[in-house]
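**Q** With the input below, show me the fold.
(chains A and B)
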Amino acid sequence: DTGVSQDPRHKITKRGQNVTFRCDPISEHNRLYWYRQTLGQGPEFLTYFQNEAQLEKSRLLSDRFSAERPKGSFSTLEIQRTEQGDSAMYLCASIGLGETQYFGPGTRLLVL
Amino acid sequence: GENVEQHPSTLSVQEGDSAVIKCTYSDSASNYFPWYKQELGKRPQLIIDIRSNVGEKKDQRIAVTLNKTAKHFSLHITETQPEDSAVYFCAASVSSGGYQKVTFGTGTKLQVIP
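**A** The predicted structure is shown next:
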């Protein structure tokens, strides 16, 4: 256990529904990343927060995706109008003073 | 942008043998190269990393080498054990003002046969 938690661990939803995931990083870590991982692939960067500021967004993050990190603590990732292609594992990772990213257990999303 | 290629995609070795996984990267500005182990259904976990000012790093049975000129780095696992079976990802990272842009390879599924 790295100290990074994610909720829920699994989510099954119907196409067109909205879903929201939560990530709780290690408490003293001010940098937080969201990644998406599909089967047989490495994690793909989605977005980056430094404290409460969202400083980087990938082109993978369409208008249906939004992320927040109010107060620089936990973060949420929302997907609106889900599509089958959104099915993946959504991982968050936090970094403290160094360069090591500590990953959470992920939220596995299945869109039917 | 950065492109990281990883080979082989699958690797089977007998217990006790060595395993080598190779990665190449494209962005010469990359300065940090972590390796992650991911067991089925679990989170990626850092197993070793190397910075661009170092050519080799070793931690017990695991070692990583970096050739900046050729832009490639490798993971070496010696005396493999069944619990080493997992998917291994290499990554290349460029740091800029606290933001670390990390690009992962596509993974190598390692199977250690008892």
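
**Q** Show me what the residue of chain B found nearest chain A is bridged to.
**A** Closest residue of chain B to chain A, C-beta to the nearest C-beta: B:F104 (3.0 Å). C-betas here are computed from N, CA, C, even on glycine. B:F104 has these beta-bridge partners by DSSP bridges: B:A91.

**Q** for the one 4 residues further on, same thing?
**A** For B:T108, the beta-bridge assignment (DSSP bridges) gives partners B:Y88.

**Q** Next up, the contacts around it.
**A** In this structure, B:T108 makes contact with B:Q6, B:H7, B:P8, B:S9, B:T10, B:L11, B:I21, B:V87, B:Y88, B:F89, judged by C-beta atoms under 8 Å, 6 or more residues apart in numbering or on different chains.

**Q** Could you do B:L40 as well?
**A** Going by C-beta under 8 Å, 6+ apart, B:L40 touches B:A86, B:V87.

**Q** follow-up on the earlier one: inside strands: which ones of the contacts of B:T108?
**A** Among these, the ones falling in strands (DSSP state E) are B:Q6, B:H7, B:T10, B:L11, B:I21, B:V87, B:Y88, B:F89.

**Q** a markdown table please, covering those residues and showing pLDDT.
**A** Formatted as a markdown table, the ones in strands among the contacts of B:T108 follow (pLDDT from 0 to 100):
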| residue | pLDDT |
| --- | --- |
| B:Q6 | 97 |
| B:H7 | 96 |
| B:T10 | 97 |
| B:L11 | 98 |
| B:I21 | 98 |
| B:V87 | 97 |
| B:Y88 | 98 |
| B:F89 | 97 |
